[in-house]
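Student: How does the following fold in three dimensions:
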Amino acid sequence: MKRISLILIIFLGLLSTTFAQNNENYEKGLKQYLDKNYQNAINSFSLAITENPSYTEAYYSRALSYYSLKNYPKAIEDFTTVLSRNSEDQDALNYRGYCYQETQKHELAIVDYSKLLSLNPDLKDAWYNRGICKYNLKKYYEGIEDFNKVIDKNSKDKDAWLYIGLCYYALQNDKKAIEFFNQAINISSSDFLCFFNRGLAYFSLKNYDNAMSDFDKSIELNPKHARSYFYKGYIYYSQLEYSKSIELYNKAIELNPKYDMAFYYRGFCHRKLGKAQKGCEDWKKALELGYKEAEKNINDFCK
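Tutor: A predicted model of the protein is given here:
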């Protein structure tokens, strides 16, 4: 759910510069970029840089080409070169921040987004992306502040409302989380994640009727969302309806064959129904997939 403000290069403007007009490799690279032939564009921009290592536009354009190929480490290198020559280049800060975010370097992304926002505080997407970085770093209150900045600029930004809800959910303030999930749903009732996450909050409050309703809606909007089936199954498990629970765990596993928790809890259901061997098989599979809690059950019940 990350965003980037794609401030497109005005290629014709760049081509009109004196150096670009005299550099065939750079011109060739721009045309290749526009044709989405990114690897060839990289080769052409590299030749232009070899001819003139001070050619900042070639570094920037090559960085965009790497970015388009999702080669974020190489894009970061080139954006860093651009920023070493102009530390206030807003486009380079924005893109490098996004590249850091994509490579899970959230602290570095925050530095770039913060610098960008100090230069231009009206960039809503930079507030949003910085908020996501803070959320991923479990700095939930700081994340809420950033998402509120987004809402100040656009009160209909559904994703900002959703993420504030996620922050409060992570802070175990389920009732507050539901308030923000409600706002997100009021803006858009077609996003399954809004219903799923509200369902989780209701689930935490043991309000299983509302949770079940939200998981049903999530599945209606996205029938391939394995976690919605899993949590429906868990509700039936908590209500001792083990056969219904197994049906839903089966569906979750069908959608995600590596869903360790689904195997783990399906194992309990099998055991409750007197199918000890099947229960052990599920626990062993859960352990194989990395769910360490299954090991104790295997040692205690599977001889």
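Student: For the residue lying closest to Ser213 once chain neighbours are set aside, list the residues it contacts.
Tutor: Leaving aside its chain neighbours, Ser213 sits nearest to Gly199 (7.8 Å; criterion: C-beta to C-beta, 6 or more residues apart in numbering). No exception for glycine: its C-beta is placed from N, CA and C like everyone else's. For Gly199, the contact set (C-beta atoms under 8 Å, 6 or more residues apart in numbering) comprises 210-215, 218, 228, 231.
Student: name the element Gly199 belongs to?
Tutor: Using DSSP states H and E, Gly199 sits within helix 192-204.
Student: which stretches of the stretch 1-150 of the chain form helices?
Tutor: In the stretch 1-150 of the chain, the segments counted as helices under DSSP state H, counting those that start in this stretch are 11-15, 18-21, 24-34, 38-51, 56-68, 72-85, 90-102, 106-119, 124-136, 140-153.
Student: Which one of those helices lies nearest to Asp260?
Tutor: Closest approach to Asp260 among the helices of the stretch 1-150 of the chain (C-beta to C-beta): helix 124-136, 22.1 Å.
Student: mind checking how far that closest one is from the chain centre?
Tutor: 11 Å (C-alpha atoms, centre = their mean, to the nearest Å).
Student: Check which helices and strands it sits against.
Tutor: Where contact means 3 or more C-beta pairs under 8 Å, 6 or more residues apart in numbering; DSSP states H and E, helix 124-136 is packed against helix 90-102, helix 106-119, helix 140-153, helix 158-170.
Student: Number of residues surrounding Cys146?
Tutor: Let me fix one detail, which is that residue 146 is Asp and not Cys. Per other C-beta atoms under 10 Å, the neighbour tally for Asp146 reads 26.
Student: Likewise for the one 5 residues further on?
Tutor: Using other C-beta under 10 Å, Ile151 has 18 other residues around it.
Student: Contacts only, for it.
Tutor: Contacts of Ile151 (C-beta under 8 Å, 6+ apart): 157, 160-161, 164.
Student: Pull up the gap between it and Ile164, please.
Tutor: 8 Å (C-beta to C-beta, to the nearest Å).
Student: same question, Ala286
Tutor: From Ala286 to Ile164 the distance is 34 Å (C-beta to C-beta).
Student: before we move on, what about Asp146?
Tutor: Applying C-beta to C-beta to Asp146 and Ile164 gives a distance of 10 Å.
Student: Quick check: Asn52 touching Ala58?
Tutor: Yes: contact criterion C-beta atoms under 8 Å: Asn52 and Ala58 qualify, at 7.5 Å.
Student: list residues touching both of the two?
Tutor: Asn23.
Student: neighbour-wise, which of the two wins?
Tutor: Neighbours were counted for Asn52 and for Ala58 using other C-beta under 10 Å; Ala58 has more, 30 against 14.
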